[in-house]
Structure formats: structure tokens, C-alpha cells
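Visitor: Build the 3D model from these lines:
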Amino acid sequence: MFEIFGFKKELSKKEEIEKLLLKAREVCENLSHAELEKLDINRYVYSPTEAIEELGLDEELVHQLLEDYVIQILKSIHQFNIYIDIIRSSNNKSSALNYTNLRELAHKNLGVARNLRIKDAEKILYVLMKEDNLKYLEMCVKALESCAIKLKPECAYDTLKLLKVKSNL
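Guide: Numbers count the residues shown, from 1 in each chain. I've put the predicted structure just below:
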């Protein structure tokens, strides 16, 4: 009824998070069945048990560290894309391609993923450190973002909202 007058029902935060999670799962599944099949990341489900046991941390701290990781990854996604665009631009100008910044950012994030035993992120970030194919790198960045969202959807939602607000300032 409200739509008749130009009003639309806004989604609740819970519905928005569910929609975000569904989209992340869809992206991850689509990439896993095609271009990133060999990484085998689609069916991965994170368990904090390994990190808790091996690092000797309590579960609450591991979950806080996971949230910090998700925030870090989502903030890094934009930078990964910038670096890929710079490399592509150099490629179009027939300049020497410099992957250093991209690989350093991947390495920085890989250390955190390894410490927290986040296996899907480890695989993706390792590829980002080694691969030269720009189209494949772009797909890896999309998969990395989707995997981070799946890891902590509410934290991801809050972070993406904050990043959107900051980008509009």
C-alpha cells in the first residue's frame, strides 16, 4: 500500500545483514564453481577451535580478533582494487608491471589469517601474493571480501556501512 505513494518499506538491520550474507555466499559459490574452483573455498566453515587451542586464547578474544580481521580485510578491499587498476593502467601503457604494493598488502593480511587459522582467506591471500593474471586477481579480491562477510556478517555490515558513510564525506 505504501508503495502506491512512493514509500517503500525499508529493510531492518537484520534483514540487511541476511541479504548481505546471502549475496556473499552467492558470490563465493559462483566463483568457486568456476574460476576459483581449485581453491576449494565454498564449503569452508571457520571454526575458532584450532586458533583457541594453538594460540592459547579464550574464545571471546578470538572472536574479537576475527572482527578486527574482518574490518581490516573490508578496508583493504578498496586498496586491492586500486592496486589492480594501477597495474592494469601500467599494462595498457606498456610500462613495467609492479605488483609490489598489491603483494605487500596481501602478505600483511595473510599473516593475520594464518594466525587466526582462517583457511579460505589463507588460500586466497596466497594467490594474491603470487598471481600475475589481473582478471584472476580481481576474482580473488571478490572472493576474499565474500569470505570475510561470511565470517562475521554483522561486523561486516557495520563496517561496510561505515566505509560508505566515510566515502561520502
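Visitor: CA only for contacts and neighbour counts going forward, please
Guide: Fine.
Visitor: Residue ranges in the chain under the pLDDT threshold?
Guide: Scanning the chain for pLDDT under 70 picks out 1-9.
Visitor: Centre-most residue in it?
Guide: Nearest to the geometric centre of the chain sits E145, at 1.8 Å (C-alpha atoms, centre = their mean).
Visitor: For it, give its distance to N115.
Guide: 18 Å (C-alpha to C-alpha, to the nearest Å).
Visitor: and what of L21?
Guide: L21 is 24 Å from N115, where distance means C-alpha to C-alpha.
Visitor: Compare those two and say which one has the larger neighbour count.
Guide: Between L21 and N115, counted using other C-alpha atoms under 10 Å, L21 has the larger neighbour count: 22 against 13.
Visitor: in the top helix by length along the chain, what counts as buried?
Guide: If you go by DSSP state H, the chain has its longest helix at helix 59-92. Neighbour-count burial for helix 59-92 flags 62, 66-67, 69-71, 73-74, 76-77, 80-81, 83-84, 86-88 (criterion: 16 or more other C-alpha atoms under 10 Å).
Visitor: if we can go back for a sec, enumerate every residue touching the residue nearest to the centre of the chain.
Guide: Going by C-alpha atoms under 8 Å, 6 or more residues apart in numbering, E145 touches A24, I73, L74, I77.
Visitor: Is the second one in contact with C147, as I believe?
Guide: No. Here I73 lies out of contact with C147, judged by C-alpha atoms under 8 Å, at a distance of 9.8 Å.
Visitor: Sounds good, over and out.
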